[in-house]
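J.: Okay, here's the prediction I keep looking at, along with the sequence it came from:
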Amino acid sequence: MTATDTRNEPPKKPDPGPMSREWYWHPDLPLKFAPYWQWPLEPAALAKWVWQNWLQFSDRSMYVALAFVVAFWLQPVGSEQATLAFHWVSWVFIRNWVFLLIVAGGLHHWFYGIDAQGKLLKYDPRPYMKRKNALYKFGYQTWDNIYYSMVFGATSLSVFEVILRLAFASEFARTLSFTAHPVWFVVLFPVLALWQSFHFYVVHLFLHQPFIYKHVHAVHHRNVNPGPWSGMAMHPVEALGYTSAMLVLLILPAHPVHMLFLAYWLMLGAASSHSGYEALWAKDRQALLLGAFFHQLHHRYYECNYGNAEMPWDKWFGTYHDGSEAATRITRDRKRQMHAQGQARKSKQ
């Protein structure tokens, strides 16, 4: 699953070495949520966060730009998409498979193939799993993750994109234009990011219920030390639940470019947020900001940070891990209590 993070600027020169026993590198702690939840509001902090996330070159701004390219050039929604036809439906599936292959495959090659950064800005000090392990399909984490990502992850997303293209083309879904509603057209991008945060939290919390976790979500959580291909590596049930966030656009007036941004934020954002690194570093400078330590904590400790840093759901409902050692102790205590409760229920049956 994909997750956003409050962005902390990585160092302007290579990091000196391990920062703690648990992590090789991490952003400033304790982690904070997006600054529009901080009160009183700090305009300078908010402006900096908007600049880093939406305006400068980051994974989020890259997916916005890609959405515009597809919506207005590669495959605009047209009247021919009001009915199912192989030529345009197949193009949706092929395009999404190719995009995921480029983004997840490219990041994996950079970080774990040619090891271009070493441990620079890497969260987990442990090496990415390259040895054969019976835990994974085909015996290896990478091949397992590629299989689940391409066969179920990207495919589920493509199914919902086809449904929405049919809805836009047949005018079942209301289309929003920039000329008629310029402010809402722009504001809808961050609104959809907030919606994804809420949807992700609710679906993710459901996936952590014992029975569902064991039979569905465990596929994703085999990746304790995730890589870019881990983001969309999901059981088919989870993949459908996760990508169903797109269906909000059957209700909310929007333009196809918003649909595509949400799609790429779900799919390609999952690859970048599971990369295991704060940023892509090249030629002695930050080349692409990724930053998702909030979700890296979830993969390490499981029963915390079910949402993301876009909205403070975890803080409101007591499952927040801010990266501190105190939060780790609290999370581990909660896990022991949950295990004890589960054992008690089993003994009564």
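T.: Looks like it came in fine. Numbering: from 1, shown residues only.

J.: mind saving the C-alpha coords of stretch 211-231 as PDB?
T.: Extracted as PDB, the C-alpha positions of stretch 211-231 are listed here (Å, rounded to 0.1, in the frame of the first residue of the first chain):
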ATOM      1  CA  PHE A 211      -8.700 -13.300   9.900                       C
ATOM      2  CA  ILE A 212      -8.300 -10.900   7.000                       C
ATOM      3  CA  TYR A 213      -4.700 -10.300   7.800                       C
ATOM      4  CA  LYS A 214      -3.900 -14.000   7.800                       C
ATOM      5  CA  HIS A 215      -5.600 -14.800   4.500                       C
ATOM      6  CA  VAL A 216      -5.100 -11.500   2.600                       C
ATOM      7  CA  HIS A 217      -2.900  -8.700   4.000                       C
ATOM      8  CA  ALA A 218      -0.100 -11.100   5.000                       C
ATOM      9  CA  VAL A 219       0.900 -11.200   1.300                       C
ATOM     10  CA  HIS A 220       1.900  -7.600   1.500                       C
ATOM     11  CA  HIS A 221       3.500  -7.700   4.900                       C
ATOM     12  CA  ARG A 222       5.900 -10.400   4.100                       C
ATOM     13  CA  ASN A 223       7.900  -7.400   3.000                       C
ATOM     14  CA  VAL A 224       9.300  -6.300   6.300                       C
ATOM     15  CA  ASN A 225      12.100  -4.500   4.500                       C
ATOM     16  CA  PRO A 226      10.200  -3.300   1.400                       C
ATOM     17  CA  GLY A 227      11.400  -2.200  -2.000                       C
ATOM     18  CA  PRO A 228       9.800  -0.400  -4.800                       C
ATOM     19  CA  TRP A 229       8.100  -3.500  -6.100                       C
ATOM     20  CA  SER A 230       6.500  -4.100  -2.700                       C
ATOM     21  CA  GLY A 231       4.100  -1.200  -2.900                       C
END
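
J.: Can you list the buried residues in that stretch?
T.: Residues of stretch 211-231 classed as buried: 212, 216-217, 219-223, 225-231 (neighbour count, 16 or more other CB atoms under 10 Å). For glycine as for every other residue, the C-beta is placed from the backbone atoms N, C-alpha and C.

J.: For residue 92, see how far away residue 303 is.
T.: Distance, residue 303 to residue 92, using CB to CB, to the nearest Å: 36 Å.

J.: make that residue 341, sorry
T.: Applying CB to CB, the value for residue 341 to residue 92 is 44 Å.

J.: which of the two has more neighbours?
T.: residue 92 (19 against 11; other CB atoms under 10 Å).

J.: Contacts only, for the more buried one.
T.: 75, 158, 161-162, 165 (CB atoms under 8 Å, 6 or more residues apart in numbering).

J.: now the helix of greatest length in the chain: how far from the chain's centre is it?
T.: The longest helix of the chain (DSSP state H) is helix 182-207. Centre-to-centre, helix 182-207 and its host chain are 12 Å apart (CA atoms, centre = their mean, to the nearest Å).

J.: what about the stretch 51-200 of the chain, any weak spots by pLDDT?
T.: For the stretch 51-200 of the chain, applying pLDDT under 70 flags no range at all.

J.: So what does the closest residue to residue 70 other than its chain neighbours look like in phi/psi?
T.: Excluding its sequence neighbours, the residue lying closest to residue 70 (CB to CB, 6 or more residues apart in numbering) is residue 260, at 5.3 Å. Main-chain dihedrals, residue 260, degrees, to the nearest 10: phi -70, psi -40.

J.: got a list of what residue 260 touches?
T.: So residue 260 contacts 66-67, 70-71, 161 (CB under 8 Å, 6+ apart).

J.: Repeat the analysis, applying 7 Å as the threshold.
T.: 67, 70-71 (CB atoms under 7 Å, 6 or more residues apart in numbering).

J.: For those, could you give me TSV that also reports distance to residue 169?
T.: Shown next, in TSV, are the contacts of residue 260 (distance: CB to CB, whole Å):
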residue	distance to residue 169
67	17
70	15
71	13
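
J.: For those residues, give me a markdown table that also has neighbour count, secondary structure and distance to residue 118.
T.: As requested, the contacts of residue 260 are arranged in a markdown table below (neighbours: other CB atoms under 10 Å; DSSP: H, G, I helix; E, B strand; the rest coil; distance: CB to CB, whole Å):
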| residue | neighbour count | secondary structure | distance to residue 118 |
| --- | --- | --- | --- |
| 67 | 22 | helix | 33 |
| 70 | 22 | helix | 34 |
| 71 | 18 | helix | 38 |
